[in-house]
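Participant: below are the sequence and a predicted model; questions follow.
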Amino acid sequence: MRSIKLVIKRLGPIKNSEIELGNVTLFMGPPNTGKSYALKALYSKLLPLDAYGFNVAIQTMKNNMSKILLERYFERLTHLHKSLEDALLKLLIILAIAVINELDPKTLEEVLKSFRGKPFEDTLTLMGDEIVATISAKFSIDKTELERVKRLCIRKIVRNLIPACDLRCVTLEPFDFEKTEVPVEALAGTVNTVKDVSDKLRVVTTSILSKIFKYYIEKGTVETERFKTLLQMFTNEIKANLGVSVTVRGENASIIITLFIGPIISGTLRKKDTKAVLEEILELERNLKDEVEPFLILLTTDLNATVLRAIGEGFSKPLCRMIKGMTEASLGFEEVRFIPFGRTPIVLAIEGVSREPLERIPVLEKLMKLYPINLSSYVYWASEGRRLLLENELDETKEKILTLVAPLIEGKLLHDKRNVLYEDWRGSKVSLRLTSALVEEVTGMLFPILSLSSNNSLVLVEEPEAQLHPQAQVVSALFLASLPSLCCKVVATTHSDLIALTLSYLVVKKPNYEQLVKLLRSLVPHISYNVEELAKQASQSIKDLDLKIYEFTRDGSVKPVEPETVLSKEVPSITRVIDVLTEWAFELTR
């Protein structure tokens with residue numbers, strides 16, 4: 001395993017710490033000494049490896065990027081919206097003249113060909129019954145702005161997890177994506193967007209066409225009744241769509257706007273002199289430009305905002321993908337999961353919601369919005385792991401994990417079409433929501449693990465011993481020790497000296513398969529299945545198990561504790577409380 005070190009200085013109660021991760025890493029110590037802060041700080045540094053959490057980060061980065069672009073670069077796109085205003089007005093005038101004069105397609109093609117050049121570049125054509133025009137522009141952004149947006153995004157996410165006044169107080173070695181400058185020249189991505197501008201374009205188009213027809217009525221070119229017919233036709237059938245494509249290349253973005261305007265009335269066959277039509281177009285443009293400009297400005301202002309948001313998305317997505325790739329390559333992990341304390345209520349909420357398939361997604365989305373990113377990510381992955389179990393889509397590794405957890409939950413997890421079922425060691429089956437706290441809490445830890453798609457992952461767990469009887473805590477240590485050889489390394493906060501002692505015995509004494517079977521038979525004698533499987537996997541895993549234990553103290557320090565030391569002296573956990581209580585009880589009896 002690569003050497004990965006979490007360095008923390010002045011974070012909450014933690015004054016100074018250097019934490020090197022092992023295959024299994026335990027954070028121990030009294031309450032309020034910073035164990036959970038350290039776990040969340042580690043998660044924040046590994047966020048690019050959480051597909052759900054990083055999607056939230058991408059959205060945050062996109063929003064921040066778009067906000068900065070709107071504030072700083074809006075005026076730089078003035079030439080783009082001027083080109084669009086010019087193009088749109090010309091297209092609508094050409095469309096109106098084509099309809100009123102009943103131009104045949106050949107004449108119309110000649111008119112369009114003569115207008116090629118700015119602002120249309122080389123793409124102004126007749127396609128079916130629509131006029132199609134393309135406008136292009138380029139946009140560049142300062143490289144320092146990309147780094148600034150990245151820092152803003154990270155700051156917002158991290159401060160939602162830990163009270164970090166200065167983000168430099170937490171670093172991850174050998175790679176920290178926050179402190180690594182991203183080579184933006186390698187960015188490449190494309191975003192296509194129309195947003196709500198097409199709807200506004202349709203309204204603006206109808207308004208401008210009304211003014212064009214009114215102009216012809218006042219000139220006596222079009223009779224009032226025909227005007228009403230034409231206007232009604234365009235109101236009902238006008239095609240006014242717009243596509244925006246933004247392609248990012250390094251610090252530059254190419255913007256392509258495509259306009260689709262129609263319909264050209266079928267059966268228009270009258271041929272007219274192209275030169276005369278062009279003169280008519282220019283005359284109409286001169287007379288109407290001032291009158292229709294407010295409509296055009298309203299539309300193009302909205303379009304500018306849309307384009308800038310698209311550029312923000314175009315930069316942020318490939319930027320985040322690059323950060324993810326660099327994180328994977330540097331740290332060696334491909335995925336991360338955060339499993340919080342207090343899992344049972346969330347698991348039961350997911351189970352309850354999932355019984356109503358039509359309500360499941362919207363309710364889960366509302367639930368996730370209530371939580372910070374680590375908990376909303378947990379809701380997502382717990383739900384996904386549950387789904388994979390229900391739909392029988394677990395791979396061989398996850399099926400094995402399901403087998404190994406049986407001695408811990410003293411039963412089996414089964415499924416029907418909608419519900420997760422639990423079959424206890426007696427053979428009795430009930431819905432998961434009717435099981436014991438032990439089963440619910442362990443299942444809450446299991447579901448996100450089942451969602452892992454890579455066998456090279458890291459799982460962060462708050463208090464795996466929660467709701468577990470002491471004998472189950474020992475079994476849970478064997479289960480955790482088995483995970484690194486199957487799918488994931490583990491970092492856990494714990495108050496359980498039983499977990500620390502069990503893991504330390506595994507690492508120091510390296511018991512064989514028969515000795516582990518004997519331990520399990522003594523702890524859970526009523527369980528007749530999968531005990532051997534857990535003992536076998538644990539005995540294989542401990543051969544290369546790298547266990548790291550850290551004691552968080554009330555003076556703000558974080559001290560490494562060797563497994564051999566754990567076996568020879570008091571572990572700073574439940575045992576210490578029992579000793580204090582015992583001494584006090586003896587004093588009462590004197």
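Facilitator: Okay, I see it.

Participant: CA only for contacts and neighbour counts going forward, please
Facilitator: Noted.

Participant: and V170, what are its bridge partners?
Facilitator: According to DSSP bridges, I8 are recorded as the beta-bridge partners of V170.

Participant: confidence score at it?
Facilitator: pLDDT, the model's per-residue confidence, is 88 for V170.

Participant: same check on the one 5 residues further on?
Facilitator: Among the per-residue scores, F175 holds a pLDDT of 87.

Participant: now it, what's its secondary structure?
Facilitator: The three-state assignment at F175 reads coil, by DSSP: H, G, I helix; E, B strand; the rest coil.

Participant: then the one 5 residues further on?
Facilitator: Secondary structure assignment for T180 (three-state DSSP): coil.

Participant: where do the strands sit along the stretch 301-450 of the chain?
Facilitator: Along the stretch 301-450 of the chain, the stretches classed as strands by DSSP state E, counting those that start in this stretch are 335-339, 411-415, 420-424, 429-431.

Participant: neighbours around K366, how many?
Facilitator: Applying the criterion other CA atoms under 10 Å, we find 11 residues in the vicinity of K366.

Participant: one more: R590?
Facilitator: Using other CA under 10 Å as the criterion, R590 is surrounded by 5 other residues.

Participant: and for A500?
Facilitator: Using other CA under 10 Å, the number of residues around A500 comes to 27.

Participant: now do it against K106, distance only.
Facilitator: For A500, the distance to K106 equals 85 Å [CA to CA, to the nearest Å].

Participant: same check on N23?
Facilitator: Using CA to CA, which is the criterion applied here, N23 is 74 Å from K106.

Participant: between the two, tell me which one has more neighbours.
Facilitator: Per other CA under 10 Å, whichever of N23 and K106 has more neighbours is N23, with 22 against 15.

Participant: give me the below-cutoff pLDDT ranges for the stretch 451-590 of the chain.
Facilitator: In the prediction, the stretch 451-590 of the chain carries residues with pLDDT under 70 at positions 569-575.

Participant: could I get the full set of helices for it?
Facilitator: 470-482, 497-509, 513-523, 531-541, 563-568, 574-589 (DSSP state H, counting those that start in this stretch).

Participant: any residues touching the third one, and which ones?
Facilitator: The reference is to helix 513-523. Here helix 513-523 makes contact (CA atoms under 8 Å, 6 or more residues apart in numbering) with 471-472, 475, 527, 531-532, 535-536, 538-539.

Participant: most surrounded residue in these?
Facilitator: Using other CA under 10 Å as the neighbour criterion, A538 leads the contacts of helix 513-523 with 28 neighbours.

Participant: give the closest residue to it in space, chain neighbours not counted.
Facilitator: Setting aside the residues directly before and after it, A538 is nearest to S482 in space (CA to CA, 6 or more residues apart in numbering), at 4.7 Å.

Participant: one more: P484?
Facilitator: Of all residues not flanking P484 in the chain, N23 sits nearest, at 6.1 Å (CA to CA, 6+ apart).

Participant: tell me the contacts of that neighbour?
Facilitator: For N23, the contacting residues are 1, 484, 489-490, 545-548, by CA under 8 Å, 6+ apart.

Participant: in ChimeraX, how would I select just the buried ones from those residues?
Facilitator: A single ChimeraX command selects the buried members of these (16 or more other CA atoms under 10 Å):
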select :484,489,490,545,546,547,548
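
Participant: make JSON lines from the contacts of N23 and add distance to F341 to it.
Facilitator: Below are these laid out as JSON lines (distance: CA to CA, whole Å):
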{"residue": "M1", "distance to F341": "27"}
{"residue": "P484", "distance to F341": "21"}
{"residue": "K489", "distance to F341": "18"}
{"residue": "V490", "distance to F341": "15"}
{"residue": "L545", "distance to F341": "25"}
{"residue": "D546", "distance to F341": "24"}
{"residue": "L547", "distance to F341": "22"}
{"residue": "K548", "distance to F341": "21"}
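
Participant: pLDDT below threshold where in the stretch 1-150 of the chain?
Facilitator: The low-confidence ranges in the stretch 1-150 of the chain, as defined by pLDDT under 70, are 1, 76, 118-122.
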